[in-house]
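Visitor: A structural model of the following input is requested.
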Amino acid sequence: MSVFAVMLILCSASLVSANDDGPENLISANLLGPLLGYYGGTYERAIDDGISAFVSPNYFNWQLGLQGLITPAEFTFWQLLVDAGANHYLEGTLEELYIGGAGIVGYATVGWEDPEETRVSENATRFGVQAHVGYRLIFDWISVAPQAGVRYELSLIDLEVAIGDQTVRERLAAQDGLSFPVGVLVSIAF
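Guide: Residues are numbered from 1 along each chain as shown. Got it, this is the predicted structure:
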């Protein structure tokens, strides 16, 4: 059963219990992401007037997307990230202008093996923080929210190189980076 079908069932079952102050829950999934091997979604819930909490698990696997069709089987890349945080809605409901922040934790691995028994793998534990601003519009049970933010991440990387039966492992210097995510969130609101 697809993620979209599950979201529709949950939404239709909950529409009857929605309150008059607007929705209390938002569920979104990246519906185009699976074409590129990206599977992710967000669950957001109102916890007080103008305050919500959210969690966003995200999984990416290079081999599961269309690019996996042209990538050698010897190459692997996947990552799992979880963002958790809160939003403050200036109008007091899960609508209109909001600002928020999140903590990020994750793990990623990249690997390569060749026919001469050489194997290289890089594993990274990732930590980060994000601040964002957005504007949510709710149309009955559909929500649209353009959002922009700034994100800082730190990765602790372990490198492993194996040639035949000899293996070398080394902790590389921590890597960090700043990014500026921009997007439009489409959610089911109930």
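
Visitor: show me what contacts the residue nearest to Phe180 when sequence neighbours are not counted?
Guide: Residue nearest to Phe180 in three dimensions, not counting chain neighbours: Val150, with 5.7 Å by C-beta to C-beta, 6 or more residues apart in numbering. To be clear about C-beta, it is placed using only N, CA and C from the backbone, and glycine gets the same treatment. Residues near Val150 by C-beta atoms under 8 Å, 6 or more residues apart in numbering: Gln130, Ala131, His132, Leu178, Ser179, Phe180.

Visitor: which among the residues you listed gets closest to Leu35?
Guide: Ser179 (21.9 Å; C-beta to C-beta).

Visitor: Number of residues surrounding Glu116?
Guide: 7 (other C-beta atoms under 10 Å).

Visitor: Same question for Arg126.
Guide: 19.

Visitor: Could you do Gln130 as well?
Guide: Quick note: Gln130 (other C-beta under 10 Å) scores 18 neighbours.

Visitor: Spatially nearest residue to the most centrally placed residue in the chain, not counting backbone neighbours?
Guide: Central residue of the chain (C-alpha atoms, centre = their mean): Asn58, 3.7 Å from the mean position. In space, Asn58 comes closest to Gly40 once its chain neighbours are excluded; the distance is 3.6 Å by C-beta to C-beta, 6+ apart.

Visitor: which SS class is the one you found?
Guide: Secondary structure state of Gly40, per DSSP: H, G, I helix; E, B strand; the rest coil, is strand.

Visitor: I figured it was touching Pro57, is that so?
Guide: Yes. Under the criterion of C-beta atoms under 8 Å, Gly40 makes contact with Pro57 at 6.7 Å.

Visitor: More neighbours: the two, which one.
Guide: Set side by side, Gly40 and Pro57 show more neighbours around Gly40, with 18 against 15, by other C-beta under 10 Å.

Visitor: State the distance from the more buried one to Tyr59.
Guide: From Gly40 across to Tyr59, the span is 7 Å (C-beta to C-beta, to the nearest Å).

Visitor: can you check Phe77 too?
Guide: Counting by C-beta to C-beta - Phe77 and Tyr59 are separated by 12 Å.

Visitor: Ok, Ser143 next?
Guide: Relative to Tyr59, and taking C-beta to C-beta, Ser143 is found at 23 Å.

Visitor: Who has more neighbours out of these two?
Guide: Each of Ser143 and Tyr59 has its neighbours counted (other C-beta under 10 Å); Ser143 has more, 23 against 16.

Visitor: Give me the distance between the more buried one and His88.
Guide: For Ser143, the distance to His88 equals 17 Å [C-beta to C-beta].

Visitor: Show the average pLDDT along the strand or helix carrying Leu178.
Guide: Leu178 belongs to strand 175-179 when assigned by DSSP states H and E. Average pLDDT, strand 175-179: 95.

Visitor: Which strands and helices lie in contact with it?
Guide: strand 142-163 (3 or more C-beta pairs under 8 Å, 6 or more residues apart in numbering; DSSP states H and E).
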